[in-house]
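**Student:** Next input, structure requested:
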Amino acid sequence: MRWPTVQLSEISSDISYGVTASATEEPDGPKFLRITDIQEDHVDWSSVPFCDASAKGLTEARLAPGDIVFARTGATTGKSYLIRLCPEGSVFASYLIRVRPSSQVDSGYLAHFFRSPEYWRQVKKQAQGAAQPGVNASKLKALQIPLPALDEQKRIAAILDKADALRRLRQQAIDRLNTLSQSIFHEMFSEAAGWRYETRKLEHVCRKITDGTHQSPKWASEGVPFIFVSNIKGQKISLETSKFVDRDEYRKLTKSTPIERDDVLYTSVGSYGNAAKIVTDESFVFQRHVAHIKPDPALVRSDFLVECLETPLLRVQADRVATGIAQKTVTLKGLRSFEVPVPPLEVQDEFVRHKEALRVAAGHQAAALTRTELLFASLQQRAFAEEL
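**Tutor:** Next comes the predicted model:
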């Protein structure tokens, strides 16, 4: 028998907007949940600020376990978050919408539906032709929700919770492996007040330190990728971009300093301090806010240098030399002055072997995560197609 379909308004005791107030770090009022406090389906309540608003506003916007909040604007429009636990008296901001499920529906089941393809299909359909695309209370109230019996809702939610928990554990394992290299680096090379080995200026252990192109490229509709600071993250270089140059332009832009495998790139503006080794022979070009470092292989290994550049001790040096007010920049002069440890190559190689073992382990975990995510997506689709 097909499940009945109901509007969200029929199974909610309240659908309302949050309170308009200013966030403050002073603990004079309740915790004040904002869109930006919800990251990767998680809220760190210890970092959520406080707010000061009228007693009436605070009472009406008070959160409780089982509530579901939606982002009504911005990059995460339509995304939802189930409040499982929250500090007593916590309230939510006006750019969020709260749905309080009635006794007819299990909040866990409803939260899973709000992450399903069917939910996003309805949201996108509502957004078509809208002058101001987004989520509002009226749109949420009109959502069509498949509603099995309450026991069935709880069974489905329990299955999806277990699959989701497995997915999160896989991701946590990857995150942990990605941080272990810094721990190993710290054990091998650093001391509380400095470095265990002699240090040299970065310019003295590199063949060349320059930056990306200062010219305005002649753009092409396809060809050689042109990457930006945002493409360098997590010690990896993404060549996913919307900007390209043709081969002739590429040769012109890289004539003075060819881009080669084992070179190191370092972001020098804004969120400066991200480093990555070039591990591909594929051609690409980058903007001037990316520093281009060619380590001297007789003195320093690229993998060692990448890890070194991202240590807290090097980030402190970057903060010290960074210039500018609106947007801090690490100049090439400042970068060249960095003091880096120079252990014997055999010691560096030992670290690189540890790092490679972690990379392989992370790769296995990433493959397992992909399988787990496919399983979760399959279960999710089957759940709301009455096939679970």
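
**Student:** alpha carbons only for contacts and neighbour counts from here, please
**Tutor:** Noted.

**Student:** Which parts of the stretch 151-300 of the chain are helices?
**Tutor:** 247-253 (DSSP state H, counting those that start in this stretch).

**Student:** Give me the residue ranges of it where confidence is low.
**Tutor:** Across the stretch 151-300 of the chain, the ranges flagged by pLDDT under 70 are 193.

**Student:** where exactly do the strands run in it?
**Tutor:** 190-191, 194-195, 199-201, 206-211, 219-220, 224-227, 232-233, 236-237, 244-245, 264-267, 275-277, 285-286, 290-295 (DSSP state E, counting those that start in this stretch).

**Student:** contacts for the fourth one?
**Tutor:** Here strand 206-211 makes contact (Cα atoms under 8 Å, 6 or more residues apart in numbering) with 203, 287-296, 332, 336.

**Student:** Please identify which pair of these lies farthest apart.
**Tutor:** Greatest spatial distance in the contacts of strand 206-211: Gln287 and Asp296, 23.2 Å, computed using Cα to Cα.

**Student:** Just name the most buried of the strands of the stretch 151-300 of the chain.
**Tutor:** Across the strands of the stretch 151-300 of the chain, averaging neighbours per residue (mean count of other Cα atoms under 10 Å) puts strand 264-267 on top, at a mean of 26.

**Student:** Give the pairing partners of that strand; include direction for each.
**Tutor:** strand 275-277 (antiparallel), strand 290-295 (antiparallel) (DSSP bridges).

**Student:** CA-only coordinates of stretch 43-53 in PDB, if you can.
**Tutor:** Presented in PDB, the C-alpha positions along stretch 43-53 are these (Å, rounded to 0.1, in the frame of the first residue of the first chain):
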ATOM      1  CA  VAL A  43      27.600  22.500  15.300                       C
ATOM      2  CA  ASP A  44      30.400  23.300  17.800                       C
ATOM      3  CA  TRP A  45      28.300  24.900  20.400                       C
ATOM      4  CA  SER A  46      31.400  26.100  22.400                       C
ATOM      5  CA  SER A  47      32.200  28.500  19.500                       C
ATOM      6  CA  VAL A  48      28.600  29.700  18.900                       C
ATOM      7  CA  PRO A  49      28.300  33.300  20.100                       C
ATOM      8  CA  PHE A  50      25.700  34.800  22.400                       C
ATOM      9  CA  CYS A  51      23.000  37.400  21.600                       C
ATOM     10  CA  ASP A  52      20.900  40.100  23.300                       C
ATOM     11  CA  ALA A  53      17.300  40.500  22.100                       C
END
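
**Student:** in that stretch, what counts as buried?
**Tutor:** Val43, Trp45, Val48, Pro49, Phe50, Cys51, Asp52 (16 or more other Cα atoms under 10 Å).

**Student:** quick revisit: please identify which of the strands paired with strand 264-267 is closest to Trp219.
**Tutor:** strand 290-295 (18.8 Å).

**Student:** So which residues of the stretch 1-150 of the chain form helices?
**Tutor:** With DSSP H, counting those that start in this stretch as the criterion, the stretch 1-150 of the chain has helices spanning 55-60, 107-113, 117-127, 137-141, 150-189.

**Student:** quick one: average pLDDT of stretch 50-59?
**Tutor:** The pLDDT scores in stretch 50-59 average 76.

**Student:** ends of that stretch, how far apart?
**Tutor:** 15 Å (Cα to Cα, to the nearest Å).

**Student:** cool, stretch 16-28 as well?
**Tutor:** For stretch 16-28, by Cα to Cα, the gap between its terminal residues amounts to 25 Å.

**Student:** What residues does the residue nearest to Thr280 when sequence neighbours are not counted make contact with?
**Tutor:** Leaving aside its sequence neighbours, Thr280 sits nearest to Arg261 (Cα to Cα, 6 or more residues apart in numbering; 6.0 Å). Contacts for Arg261 (Cα under 8 Å, 6+ apart) come out as Lys277, Ile278, Val279, Thr280, Asp281.

**Student:** need those residues in JSON lines with distance to Ile15, can you?
**Tutor:** Output for these, formatted as JSON lines (distance: Cα to Cα, whole Å):
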{"residue": "Lys277", "distance to Ile15": "49"}
{"residue": "Ile278", "distance to Ile15": "50"}
{"residue": "Val279", "distance to Ile15": "51"}
{"residue": "Thr280", "distance to Ile15": "51"}
{"residue": "Asp281", "distance to Ile15": "54"}
